[in-house]
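Asks: Structure for the following, please:
(one chain, ligands or ions: 1)
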Amino acid sequence: MCGIIGYVGKKTASPILYDSLKKLEYRGYDSCGVATVNGDGEIELKKGVGRIESVDKKVDFKSLTGKIGIAHTRWATHGKVETRNAHPFTSCNRHYALVHNGILENYVELKKELVKKGHTFTSSTDTEVLVHLIEEKMAHDDNSNLIKIITEVSQEAKGAFTFLLLDKVRKEIYAFRKDSPLIIGLGDNEFFASSDITSFLEYTNKAIILENYQLAVLNEDCIVYDVSTGLKIKPKVSTIDWTAEQASKSGYPHFMLKEIFEEVEISKHSLEQDPVKLKAMIEVLKKSKKVFILGSGTSYRACLLASIYFAQIAGKQITPVLGSEYKTYQNLVDKDTVIFAISQSGETADVLEGIYLAKEKGARVVSLVNVMGSTIMRESDQYLTLNAGPEIAVASTKAFTSQVLILTLLAYGLADKLNEGKDNLNEIVSVLDQVMNLSETLVKLAKDVLNKDDLYLIGRGSSYPVAMEGELKIKEIAYIHADALAGGELKHHTLALIVPGVTCLALVPNDQTKDDMINNIMQIKARGGEIIGISSENLDVFDYYIPIPQVHLESILMIPVLQMISYYLSVIRGNDPDFPRNLAKSVTVL
Ligand code: F6R
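Replies: Prediction:
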């Protein structure tokens, strides 16, 4: 969702801000803007609605001069998608410009007061209130102490309000974090402040991950304050092991395709977990009386699959719960409960809300995340990381595969069969390149057979959540209506929709579900439906066949097959798979 970036240094700010904005694009946005302090010491600002490149063509962001500036990608929440609602916003006296990530909950009351005091608002956003509030308070403080004023604002404002304030007089950026992430990049005589490490990775991999209520003042130096005490602090500087190359398309037409193909390499790293942390995680899960495994969207599908493997491999019950549905279970949670949060971004608001509520009941929180330093990671008592590198495409692919591999490894760990698990999962990893070689077959199937208005996917046992993930992806990026169901459910409802010409992807792993799946396939064929089988065996009942290598846990190998199908369908239908409409990468609102 919204992305913020600030730069101060020796170079002209606007080209750097423009490039960094492009790297924030993947988070999802509808408008964008840049403000700098120009050579005359004035704030200059340009913004507009639409993709960064097209706004730039109209306003020419790079014509902004000055060596300090802030920029923003907006995903509308309060106020329509209009230029006047795009960030940055300035104070009435244009001493300050501000960009914000989050939702200011009490903006209506604050705005009323500020209007009474004579402030003029130009937008319908919650954000604009912040810059006027700071201006108002500064006027009563002889424009002296911005740190004190930001402390007061942090006490009065409610909600999530991470912001960058550009001060034209001091030529400083005040980078404040409350709930939405904010990372300071420490370059060579230059500083960055951003929602996302990848936006400044080209310039530096040294970063300070700000905590809530921390404020970094950036000029020729970077000083960090804890505004709850007003004291300077010595923050921890982390070295980020992601590279700028990882966050680029590297010759692929889309990030999504690159990330699917990266699974061959990434999966190895995902399984190379720190043995001490892995053991500790296994112990906590083993000893827990109750485990709720929490996720949203694709990550929730990983939770579903994990609950099946934990049951089958380790005989351990874990309850999969959607982040947004967590409250339903709150009265079952106590101090003997473990909340296991699964999230690529580590910032998903639905999951975070569940974590905060569970903590109130004394539950222990553990997590599996991809983004180091993310909020979910920091709210966890212990965590494992996916080691999947930056995932840029909105549709999660490599992170899902990594989640599934690590969760399955944990299931083996709980069963005291870690070595057997490693062997089985490494076997999968070793044949992933063969699955990637299916791309030509899949392009042809996508063009000739699957490009329909409705698709059905059936699976059973472990292949059912995989079918659900295929359904999600097909809807998300191909904009095709898809329906995944457990094969046994057909006869209870959806068989009513099976008529001649209906296409169904059948996931048939070589396991105990195979005979029942064949039975379900026959029910579909008896009504004229056509079957595309994904299996290690070419069964007579298939009209089309997608061959996967024969391994233990074959369902996992079907994941990249369905990811590629959704990708090719999206491209064939003229969509941009990296930017599905109305969706954002990091979903930081409830
Ligand atoms: C779909 C997709 C989303 C995310 C969901 C949770 O392809 O990517 O459904 O899985 O928004 O995001 P994380 O994993 O960051 O918590």
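Asks: For the helix or strand Y7 falls within, which strands pair with it and how are they oriented?
Replies: In the assignment (DSSP states H and E), Y7 maps to strand 3-8. The sheet places strand 3-8 alongside strand 68-74 (antiparallel), strand 191-194 (antiparallel), with pairing taken from DSSP bridges.
Asks: quick one: contacts of that strand?
Replies: Contacts with strand 3-8, where a contact means CB atoms under 8 Å, 6 or more residues apart in numbering, come from 13, 16-17, 20-21, 24-25, 27, 29, 67-73, 87, 99-101, 162-164, 166, 171-173, 175, 182, 190-196, 199-200, 218-219. (Glycine included, C-beta is placed from N, CA and C.)
Asks: Please list only the buried members of those residues.
Replies: Applying 16 or more other CB atoms under 10 Å to these, the neighbour count classes 13, 16-17, 20-21, 24-25, 27, 29, 67-73, 87, 99-101, 162-164, 166, 172-173, 175, 182, 190-196, 199-200, 218 as buried.
Asks: can you put the strands paired with strand 3-8 in CSV and add distance to I392 and mean pLDDT?
Replies: Shown next, in CSV, are those (distance: least, CB to CB, whole Å; pLDDT from 0 to 100):
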stretch, distance to I392, mean pLDDT
strand 68-74, 14, 97
strand 191-194, 15, 98
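Asks: Helix or strand next in line after the strand holding Y7, which one?
Replies: helix 13-24.
Asks: contacting residues around that following helix?
Replies: 3, 5-7, 9, 32, 34, 36, 52, 56, 61-73, 192, 194-196, 198-203, 247.
Asks: cutoff 6 Å now
Replies: The contact list for helix 13-24 (CB atoms under 6 Å, 6 or more residues apart in numbering) reads 3, 5, 7, 32, 34, 36, 52, 61-62, 64, 66-69, 71, 73, 196, 198-199.
Asks: repeat for stretch 59-73
Replies: Contacts of stretch 59-73 (CB under 6 Å, 6+ apart): 3-8, 13-15, 17-18, 21, 24, 29, 32-39, 44, 46, 48, 87-88, 99, 164, 166, 171.
Asks: ditto for stretch 135-143
Replies: Contacts of stretch 135-143 (CB under 6 Å, 6+ apart): 91, 149, 152.
Asks: Now rank those residues by neighbours and give me the top one.
Replies: S91 (24 neighbours; other CB atoms under 10 Å).
Asks: low pLDDT regions in the stretch 401-550 of the chain?
Replies: The stretch 401-550 of the chain contains no residues with pLDDT under 70.
Asks: where does A399 fall, phi/psi-wise?
Replies: Dihedral pair for A399: phi -70, psi -40, per degrees, to the nearest 10.
Asks: Relative to N582, how far out is V81?
Replies: 11 Å (CB to CB, to the nearest Å).
Asks: May I have the residues that are in contact with the residue of the chain found nearest the ligand?
Replies: Nearest residue of the chain to the ligand, counting by CB to the nearest ligand atom: G297, 1.9 Å away. Not one residue lies near G297 by CB under 6 Å, 6+ apart.
Asks: Tell me how far it lies from T204.
Replies: From G297 over to T204 (counting by CB to CB), the distance is 31 Å.
Asks: ditto for V237
Replies: V237 is 11 Å from T204, by CB to CB.
Asks: which of the two has more neighbours?
Replies: T204 (18 against 12).
Asks: Could you double-check that G102 sits in contact with A160?
Replies: Yes - here G102 reaches A160: they are 2.9 Å apart, a contact under CB atoms under 6 Å.
Asks: average pLDDT across the helix or strand containing V108?
Replies: Using DSSP H and E, V108 sits within helix 107-116. Regarding helix 107-116, the rounded mean pLDDT is 96.
Asks: Check stretch 1-12 too.
Replies: 94.
Asks: Alpha carbons of that stretch, as CSV, please.
Replies: The C-alpha atoms that make up stretch 1-12 are tabulated as CSV, following Å, rounded to 0.1, in the frame of the first residue of the first chain:
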residue,chain,number,x,y,z
MET,A,1,0.0,0.0,0.0
CYS,A,2,1.3,3.6,0.4
GLY,A,3,5.0,3.9,0.1
ILE,A,4,7.2,6.7,1.4
ILE,A,5,10.8,7.7,0.5
GLY,A,6,13.0,10.6,1.5
TYR,A,7,16.5,11.6,0.5
VAL,A,8,19.1,14.0,1.8
GLY,A,9,22.6,14.1,0.6
LYS,A,10,25.0,15.7,-1.9
LYS,A,11,23.2,14.6,-5.1
THR,A,12,20.1,16.1,-6.7
